[in-house]
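Trainee: make a model of this:
(one chain, ligands or ions: 1)
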Amino acid sequence: MPDETNRNSIDVRGVRKVFGAVDTGFVALDTVSVAIRQNEFFTLLGPSGCGKTTLLRLIAGFDFPTAGQIMLYGEDIAGLPPFKRPVNTVFQSYALFPHMTVAQNIAFGLEMLDRPKAEVATRVAEMLRLVRMEHLADRKTSQISGGQQQRVALARALAPQPKVLLLDEPLSALDYKLRKEMQLELKRLQGETGITFIFVTHDQEEALTMSDRIAVMSAGKILQVGTPHEIYDSPAERFVAEFIGETNFIEADLIAHDGDNARVKLPSGQEIGASLQEGHKPGDKVWLVVRPEHAQLVAAPQAMLAGTIENVVYLGTDTHFHLRLDTGSIFTVRRQNARGIVDLYEPGQRAGVAFADGTARVLRD
Ligand code: ATP
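Mentor: Have a look, this model is predicted:
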């Protein structure tokens with residue numbers, strides 16, 4: 001028996017997409033390769049214009065790659081038109097039929113596929129249950145809320161049991177609270193149906209909340225693929241570190257390295273241990289990245305970096321301390337608040353920063 005859990009659902013191999021003439025046109029995807037596993041909640045994350053939707057459209061079959069292949073369960077799908085691909089898409093605009101009821105909208109795709117009436121009825125009932133909309137089955141979709149419309153759009157896309165569901169920023173029209181609710185709802189739907197979800201967003205928090213793995217994209221390239229943990233804790237390059245969460249950058253000198261462990265010299269002259277990816281040699285000037293929650297404020301003698309407090313921002317659960325380091329750059333320390341904490345640091349005061357050995361990471365770029 002093949003190992004089903006590790007089977008690739010979609011395998012994108014060296015895909016390039018040029019809009020316009022091949023040699024002078026706009027390169028929207030620059031030789032992208034990524035394997036998306038069966039039953040995975042996979043997110044394409046990146047800023048506007050980086051090529052996320054283009055990749056989704058190629059998988060759906062709405063457009064063709066200029067070069068490269070897209071495999072579905074090991075088979076090249078280049079020859080299959082969109083309606084023959086076992087893939088369905090949920091768009092940002094739900095594109096529901098306003099004059100039809102919720103149930104009729106969900107049934108529509110199945111009827112187009114000529115599924116028997118009894119099967120359609122059973123499947124619609126199942127889908128209504130899945131998205132918890134049974135009580136609104138006979139309501140017109142023009143008379144339900146945005147969140148409810150989103151659920152109907154999902155039910156309609158899931159009804160024909162696609163192998164892969166593509167979701168193009170489907171939550172962006174919803175308000176913050178509803179979006180948070182729908183993120184958990186989508187995660188539940190993916191878990192219950194076992195369908196591979198490929199989700200497109202530019203919202204890093206959304207990606208971290210829902211995904212099994214994330215591909216971070218920039219300017220037509222995939223920069224890093226990993227679990228939310230890997231992407232957040234071990235960003236491979238500066239763009240990824242900056243795009244996902246808040247972070248501090250420190251310029252340092254690489255003294256030595258042994259596998260993943262490096263010794264680096266900070267601007268203060270102090271040497272510390274840091275983690276490292278490939279691509280550097282002793283003597284290189286490197287960028288270190290330290291997350292604000294991994295650093296602490298300390299009295300000057302124990303400090304790795306020293307500076308003056310510029311701002312203290314109280315955010316309820318956390319307090320953010322912004323220091324102007326003696327090197328001139330700003331460094332943020334995030335402290336989780338608890339009862340009984342007394343704030344000793346105020347703007348204008350001298351303070352130091354420390355972090356555990358190995359917490360800092362040397363970036364590839
Ligand atoms: P957003 O988050 O804004 O939707 P995106 O990452 O999904 O962005 P794409 O829609 O994939 O970005 O577009 C990638 C790039 O390709 C953009 O610069 C866009 O202007 C360009 N592009 C997309 N479609 C076409 C087209 N048909 N002709 C020319 N350029 C295009």
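Trainee: pLDDT below threshold where in the stretch 101-250 of the chain?
Mentor: Nowhere does the stretch 101-250 of the chain drop to pLDDT under 70.
Trainee: quick one: the helices in it?
Mentor: Here the stretch 101-250 of the chain has its helices, by DSSP state H, counting those that start in this stretch, at 102-112, 117-130, 146-158, 176-193, 204-210, 228-233, 238-243.
Trainee: ok, and which of these has the densest surroundings?
Mentor: Of all those, helix 146-158 has the most neighbours on average by mean count of other CB atoms under 10 Å, namely a mean of 22. The C-beta positions use only the backbone N, C-alpha and C, and glycine is treated the same way.
Trainee: rewinding a little: redo the helices of the stretch 101-250 of the chain as TSV? Include distance to the ligand.
Mentor: Converted to TSV, the helices of the stretch 101-250 of the chain look like this (distance: least, CB to the nearest ligand atom, whole Å):
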stretch	distance to the ligand
helix 102-112	24
helix 117-130	28
helix 146-158	18
helix 176-193	16
helix 204-210	12
helix 228-233	17
helix 238-243	13
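Trainee: let me know which of the ones you listed is the nearest to residue 168.
Mentor: Shortest distance between residue 168 and the helices of the stretch 101-250 of the chain, using CB to CB, is found for helix 146-158: 11.2 Å.
Trainee: what about residue 364, distance to residue 175?
Mentor: 38 Å (CB to CB, to the nearest Å).
Trainee: more crowded one of these two?
Mentor: Remark: of residue 364 and residue 175, residue 364 carries more neighbours, 18 against 9, as counted by other CB atoms under 10 Å.
Trainee: so that one belongs to a strand, correct?
Mentor: No - counting by DSSP: H, G, I helix; E, B strand; the rest coil, residue 364 falls outside a strand, being coil.
Trainee: skip the chain neighbours and tell me the closest residue to it.
Mentor: residue 237 (4.6 Å; CB to CB, 6 or more residues apart in numbering).
Trainee: quick one: which of the helices of the stretch 101-250 of the chain is nearest residue 140?
Mentor: That would be helix 102-112 among these, by CB to CB, at 8.0 Å.
Trainee: now for the residue most central in space within the chain: which residues touch it?
Mentor: Central residue of the chain (CA atoms, centre = their mean): residue 207, 3.3 Å from the mean position. Residue 207 sits next to 43, 45, 199, 201, 214, 228, 244 when contact means CB atoms under 8 Å, 6 or more residues apart in numbering.
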